[in-house]
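Asks: generate coordinates for the sequence data below:
(one chain, ligands or ions: 1)
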Amino acid sequence: MPDHYAVIGNPVAQSKSPLIHAEFSRQTGESIRYDAILAPVDEFARAVADFRQQGGRGLNVTVPFKLDAFRMCDRVSGRADAAEAANTLVFEEGHIFGDNTDGAGLVRDVTSNLGFPLAGKRVLLVGAGGAARGVMMPVLEREPCILVIANRTPQKAYDLQQRFSDHGKVVAVAYHDLRGEHFDLVINATSASLYGELPPLPVGIFAPRSLAYDMMYGKGHTPFLQFARLQGAEYLADGVGMLVEQAAESFFVWRGIRPRTDVVIKMLRPEA
Ligand code: NDP
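Replies: Numbering: from 1, shown residues only. Just a heads-up that it's a prediction; the model follows:
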């Protein structure tokens, strides 16, 4: 019987994780079964317990359960602890270990796949939800010159500033404070693209040779990426690379083998 894994979320039908892990399994020869589980929003714990009961070895956790997943762990990695959210669960003898691979996925995509080093760069993180929180620590570990966070609800950005200010120069601002500022990397970690909307970013925020990165994927050129192109950002990227890299990191946590990601990114982004 192959070891059993799954992604759990609500909704989950749109998830590309089963496809990605099937490809990792084929590529590495690791025999795994990987499904998608739709959990009712108020029955996450029961759905996880059922999966464990049936012999499940690990889960990827997606919206809206990453915080619940973190809270149910007996042991967590430093990066899950920093984010207070888990997207990867490992079921050990009587214990649940939680990890968060989102930030590592983003950083690997930006620095390795896109060849854009973060050290010394001015980085703007737009949004302060679960995804933003997950990438704060891994981005700060790359020692950018400054990490600015802007969010529609400013208090959430200030909370992140407080939480992470021991790890680097972190400044929270309201959108209108961004006027006159410019950045080498602007990461859209809001869900605005999901609704075809653009966060209220002022013009002129993209420095020469800057990268605009939208965590959203599968929506083509989002309003954020269109805005970035018009504003002179030199490089544009969607979140497909992050998605595949965070999956590879989860696969490594479970199986101890790092699969190749380039072929899978290409598979999911055939037009590139
Ligand atoms: P959350 O619901 O936790 O946070 C949503 C964030 O978006 C909040 O900061 C919210 O602001 C902001 N927001 C929502 N709508 C707007 C808008 N119209 N204008 C400005 N700000 C807005 O979501 P997540 O953090 O989990 O996910 C964010 C995005 O990242 C999603 O698009 C998701 O698909 C993507 N993602 C991609 C991954 C990948 O692997 N590529 C991995 C994880 C996430 P406020 O606080 O004011 O409500």
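Asks: just the helices in the stretch 101-250 of the chain please.
Replies: For the stretch 101-250 of the chain, the helices identified by DSSP state H, counting those that start in this stretch occupy 102-108, 130-141, 154-164, 223-230, 240-255, in order along the chain.
Asks: how about those helices in a markdown table, adding mean pLDDT, distance to the ligand and mean neighbour count?
Replies: From N, CA and C alone the C-beta is placed, and that goes for glycine too. As requested, the helices of the stretch 101-250 of the chain are arranged in a markdown table below (pLDDT from 0 to 100; distance: least, C-beta to the nearest ligand atom, whole Å; neighbours: other C-beta atoms under 10 Å):
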| stretch | mean pLDDT | distance to the ligand | mean neighbour count |
| --- | --- | --- | --- |
| helix 102-108 | 98 | 5 | 25 |
| helix 130-141 | 94 | 3 | 24 |
| helix 154-164 | 96 | 5 | 17 |
| helix 223-230 | 97 | 10 | 19 |
| helix 240-255 | 98 | 4 | 24 |
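Asks: now distance to Pro2 too, for these, in JSON lines please.
Replies: Rendered in JSON lines, the data for these read as follows (distance: least, C-beta to C-beta, whole Å):
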{"stretch": "helix 102-108", "distance to Pro2": "24"}
{"stretch": "helix 130-141", "distance to Pro2": "29"}
{"stretch": "helix 154-164", "distance to Pro2": "39"}
{"stretch": "helix 223-230", "distance to Pro2": "39"}
{"stretch": "helix 240-255", "distance to Pro2": "12"}
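Asks: identify whichever of those helices lies nearest to His4.
Replies: Of all the helices of the stretch 101-250 of the chain, it is helix 240-255 that lies closest to His4, at 10.9 Å by C-beta to C-beta.
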